[in-house]
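Enquirer: 3D model of this:
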Amino acid sequence: HKSVTALARAAGSLDAGAGTREDDGVGPYELTPIMAQLHEETGTLTGPVVKYSQHVVVSVPAGLDAGLLDAALHAVVDHHDALRTRATEPAPGLWHMEVLAPGASAGVPLVAVAEPDGKDDPARAERQAAAARARLDPARAVMIQAVLLAAPPGADTARLVLCAHHLVVDGVSWRVLLPDLEAAYRALADGRAPALDPVGTSYRAWSALLAEQARTQVRGAELAVWQRQLEGPDPLVGTRRADPARDVHGTMRTLRLELGPSATAPLLTEVPAAFHAEINDVLLTGLALAVADWRRRHGRTHHAQTLIELEGHGREQLGDDPDLSRTVGWFTSAFPVRLDVGAVDWSELWAGGPALGTVLKRIKEQLHALPDRGVGFGLLRYLNPHAARVLARHPRPQIGFNYMGRFDAREDRPWQPVGGDGVVGTGAHPGMPLPHLIDVTPATEDRPDGPHLIANWAWAGNAVAEDDVRDLADTWFRALELLGRHAPATGGRTPSDLPLVDLAQEEIEAYEAELADAGSALADVLPITPLQQGMLFHADYDTATADGTDVYTLQIVAEIEGDLDPAALRAAGQAVLDRHPNLRASFRARPAGAPVQLIPARAELPWQEIDLRDLPEPERGAELERITAAERGHRFDLERPPLLRFTLVTHGEGRHRFLWTSHHILVDGWSMPLLVRELFTLGRPGTDGTALPAPVPYRSYLQWLTRQDREAARAAWRAALADLDGPTLLVDAGADRAPVLPESLRLDLPRDLTQALTAWARARGLTLNTVLQGCWALLLGRLTGRQDVVFGAVTSGRPAEVPDVESMIGMFLTTVPVRARLHPGTRLAELLRTIQHQQTALLPHEHLGLADIHKAAGLSGEVFDTVVLFENFPLDAAGPATGSDGPRVVRTEALDARHHPLSMAVFPGDTLTLRFDYAPDLFTGADVDRIAVMVRHLLHTVVDGGDLPLAHIDITGPATLGRPGQPGELGGLLGSWDPGLPEESLGVVERVRAVAARVPDAVAVADGTDSVTYGELVERAGGLSALLTGAGAGLGSVVAMLADPGLPFVTGVLGVLGAGGAYLPLDPAAPAARNASLLADSGARHLLTGRAYAAQARELAGDVTVLVLEDSLHDHALPAA
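Expert: Numbering: from 1, shown residues only. Down below sits the predicted model:
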């Protein structure tokens, strides 16, 4: 296995195969729904049901040894548990089913031989089937018998009649039994013991699973579905309702009709393909039309609806995904379905008009709306006592339908069934009740001239007239012929084809018409991810930026050297677009309902080639950059796919720039290296699509996303953000601000710092991502003055539960809030562990969109304006060389952007790289340079003393001294920090003193009402430091500060730090209880305040000494309140 994920999946699949339910196929078991239905119809095992059976006639090689054949059949019986079922009736009406141990049939002859009688016709086989049926004895576990019809001399083939009680086989079971019988016979003939392929889930275990399912809440909720099917009109198709005492097999009449190849073939191919339907959808549409038209012509009311009982194979994936692929037994499911053809213009319909397609879409949707292909009805009707009482009030439908499948009748093949009409014959006692007044059992036979639809009609001769049945049968065939000729022209998708979205048929048809006008067709409609929804909102809201550029335009710039074949590169790009349907998506906001993405069946790759070689060399560079910027600046219309384009610029001999420009809504950064690799792999000479494995569909991730528990996620985020009292914003972007393309600053950290950070984090069980997030939280806390900060984290959004998610291409990113409470006494390592623990706990809930998170937490407006993202793909994700002698990709660069004003992207490697993307209308380059240096200093602090209390951590220089005076004025946040200040090892006070020594008369702080020079500031702060030291607030002490941003606050901070203490800022506007809690938690013994808040300080202080900042140099202490 190439990855741990793949290995885990493999191990998981082996465990799953073992299952959690004990699967011992031997012992008693409960009646399955289909058995319970038979029990309800017949009542006793001693009556007609004893010989209720199925049989097949098999072509076998002439000269089979009957003894070996008997031994082979015994081996098959020992291998398949259901064939050893003993069905007894210990009390009247009480059926007891038990699987006996292997070997239970030893000594019981299973194979009889019928000598040639000169006639080798179907009648002979039927006579021998009846003889075999007579030897069945469920009470003695004799559930299968065979007759070898010996071939006349000189014949190459013979016939074998196999007859089994219907309690232990169905049509699918024969597909398992016949190959096993052949394998067992061949092994015995070769002198070997038969070794048959293992069986997955036993029939006994399946019975137990059905009983469990019948009692589940999910299955119980289906009761309303089945009530709706049964309730309502069901006009008579005969003279009366069925009577089980009168309408028995002895009164049954039959009719066999055929539809030829020219009419049958379209029903199997063209019509299902055009409507994305199944053969049953087509056949039942015809039958619903036939019954509705017959009732209309016979004056029946409510003729548009037809109630039919369908039979299905019943082998559905329930519970723990049982493996029924080789399990023998009676699995058949029977369930009612009410088919409503709607208001039909019959003249138009019988003329082959579009009404045919409309009805087919309606019937298809009605059928596909039934959960689990109807298996739940039998569970509720026969295994759930409460539901059974409700459903038993309704009679069974008058009409039954069971399509038997498609069979090859062109030639005899050894060990395969022969004959037609569905191959499998049914034997029933004449006194056994008929299940319906009319039964339709069609099958398709492949003959040398093509497929034939065989329709077997059976009806209760005492209740239904033959003329009516023939009328129904002829009308059905007429409807099917019209569907085959005219319906494909009106094909299209229906809501059941698009299960991940909630669309009305009218919406689907509008989308189909739109794509048809564009020369394509609708392949799929998918939901969009929360981040895509945000991008779509901004695309609609931000109709144009200041320079006409969409900030969500993503661009890969690849520099290529060597001889390049543009046609091959273009073909490779088209191949990439063809391989990944979601790259062809367009996006729609809907008037009602969630936005969707439309996937066209085909999209042409936008491609242009530009040759700059005719320009003078000095002009090429400027033109090349102009083209690159213009391509990125050209907005995409999100409703017109594809949302990507390729440009190849040749700007010298063997020198090319390749531009891959796309909208970020399509793909994330993780996808881009995968796409580049695909592109250049497919672009190699002589390479076609087979050079790459089939892509893992993005759709599977969206399926996973729709299954997530959104309520649990909302509850988790509500708890995580509880009591958050405000946003963490560095700037006031303004609601009407037009977004602009970001500018970037890149910071490469030294290798030794990277290694030290990695070692420090690993020793504490932390990730580098957590370390960077913790530093960012500290930075925000100091810049905003908040002790409860929030910022965004952009995560990969690729859940490990989705197989092969790491190789998928698409948009997976999610942005989630990260909250950090910055208590002054908390040590840094403890803060980081808390952040990591919180994010780990919230990891299962990251799928929830940011807007939903805010809503769940009761937050409104912008909660944060900065984000951190940890990019676990290379910053320079160069594609592979296209060949040893071909062109080489020498450099790639990915250009993207984000909506938030400031982001820090972290690129791991031998050296950590930090990229700060910022909105230039809100931040200056100098602002961001200062922030970058602060982050670097914090990272040094981590490795030099990561166990410091937060209050003791310096984020570098006077940038810590201020708090924002006005939103958006970052200069007030950062102070007048000079990059030329002394070494980073100096503390805050020392750095201020160093500046004061150089420029004592320079203004250090201005707060709008007062200003102070560096010299004055050092003098005032020094006096306060002396006062605090004398008052006992020296080294290691925490001093609280209740003051507005301004000169006194800055003086107080420097004074506290100069005394060797740590300061705890308290917001005068915050609730008193919150400030009191922070004060108590910090352990502070002194509280500095301004005159304006002296009274508030006394109420807050308790036994804490209060000092007034303006009076501090005069040593005016206020007594505690």
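
Enquirer: Looking at the residue lying closest to Arg640 once chain neighbours are set aside now. What's its pLDDT?
Expert: Excluding its sequence neighbours, the residue lying closest to Arg640 (Cβ to Cβ, 6 or more residues apart in numbering) is Ser586, at 6.3 Å. All C-beta atoms are positioned from the backbone trio N, CA, C, and that covers glycine. If you check Ser586, the pLDDT there is 96.

Enquirer: can I assume Val337 sits in a strand?
Expert: Yes. Assessed by DSSP: H, G, I helix; E, B strand; the rest coil, Val337 belongs to a strand.

Enquirer: For it, name its beta-bridge partners.
Expert: Note on Val337: beta-bridge partners by DSSP bridges are Ile308.

Enquirer: and it, how far is that from Arg315?
Expert: Per Cβ to Cβ, to the nearest Å, Val337 is found 19 Å from Arg315.

Enquirer: The two: which has the busier surroundings?
Expert: A side-by-side neighbour count of Val337 and Arg315, using other Cβ atoms under 10 Å, places Val337 first with 23 against 20.

Enquirer: For the more buried one, which residues are in contact?
Expert: Val337 makes contact with 229, 307-310, 366-367, 370, 374, according to Cβ atoms under 8 Å, 6 or more residues apart in numbering.

Enquirer: Serialize those to TSV and add fields for pLDDT, distance to His937 and neighbour count.
Expert: Converted to TSV, these look like this (pLDDT from 0 to 100; distance: Cβ to Cβ, whole Å; neighbours: other Cβ atoms under 10 Å):
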residue	pLDDT	distance to His937	neighbour count
Gln229	96	71	23
Leu307	97	78	22
Ile308	97	77	23
Glu309	97	77	21
Leu310	97	73	23
Gln366	97	68	20
Leu367	97	67	20
Leu370	95	65	20
Gly374	94	68	24
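
Enquirer: of the residues you listed, closest to Asn872?
Expert: Closest to Asn872 out of these is Leu370 (44.5 Å), distances taken as Cβ to Cβ.

Enquirer: any idea how far Ile627 is from the closest residue to that closest one other than its chain neighbours?
Expert: Excluding the flanking residues, the one nearest Leu370 by Cβ to Cβ, 6+ apart is Val337, at 6.4 Å. Using Cβ to Cβ, Val337 is found at 61 Å from Ile627.

Enquirer: just Val696 next, same as before
Expert: Distance from Val696 to Ile627, counting by Cβ to Cβ: 35 Å.

Enquirer: who's Pro61 bridged to?
Expert: Thr157.

Enquirer: what does Leu598 give?
Expert: In beta-bridge terms (that is, DSSP bridges), Leu598 pairs with Val525, Ser586.

Enquirer: so it touches Ala518, yeah?
Expert: No. Counting by Cβ atoms under 8 Å, Leu598 stays clear of Ala518, with 10.5 Å between them.

Enquirer: Tell me which of these two has more neighbours.
Expert: Neighbours were tallied for Leu598 and for Ala518 using other Cβ under 10 Å; the higher tally belongs to Leu598 (21 against 15).

Enquirer: Contact partners for the more buried one?
Expert: Taking Cβ under 8 Å, 6+ apart, one finds 511, 515, 522, 524-525, 585-588, 641 in contact with Leu598.

Enquirer: Pull the contacting residues for His386.
Expert: His386 makes contact with Gly220 under the criterion Cβ under 8 Å, 6+ apart.

Enquirer: related to what we said a few turns ago, the residue nearest to Arg640: neighbouring residues, count only.
Expert: Neighbour tally, Ser586, other Cβ under 10 Å: 23.

Enquirer: Contact partners for it?
Expert: Residues in contact with Ser586, defined by Cβ under 8 Å, 6+ apart, are 597-598, 600, 638-641, 643.

Enquirer: can you do 10 Å?
Expert: Neighbour list for Ser586: 511, 514-515, 518, 596-600, 603, 636-643, 665 [criterion: Cβ atoms under 10 Å, 6 or more residues apart in numbering].

Enquirer: which stretches of the stretch 751-900 of the chain form helices?
Expert: Taking DSSP state H, counting those that start in this stretch, the helices of the stretch 751-900 of the chain run over residues 751-763, 768-784, 828-842, 850-856.

Enquirer: Tell me which of these sits nearest to Leu531.
Expert: Each of the helices of the stretch 751-900 of the chain has some distance to Leu531 by Cβ to Cβ; the shortest is helix 850-856, at 7.9 Å.

Enquirer: That closest one: which residues count as buried?
Expert: Across helix 850-856, burial judged by 16 or more other Cβ atoms under 10 Å covers 850, 852-854, 856.

Enquirer: any idea which of those is closest to Pro261?
Expert: Nearest to Pro261 among those: Asp852, at 55.8 Å, using Cβ to Cβ.

Enquirer: Was I right to think the closest one contacts Ala715?
Expert: No. Assessed by Cβ atoms under 10 Å, Asp852 is found out of contact with Ala715, at 11.9 Å.

Enquirer: could the buried residues of helix 850-856 go into a markdown table alongside distance to Leu843 and pLDDT?
Expert: Formatted as a markdown table, these follow (distance: Cβ to Cβ, whole Å; pLDDT from 0 to 100):
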| residue | distance to Leu843 | pLDDT |
| --- | --- | --- |
| Leu850 | 16 | 92 |
| Asp852 | 17 | 94 |
| Ile853 | 14 | 95 |
| His854 | 19 | 94 |
| Ala856 | 17 | 94 |
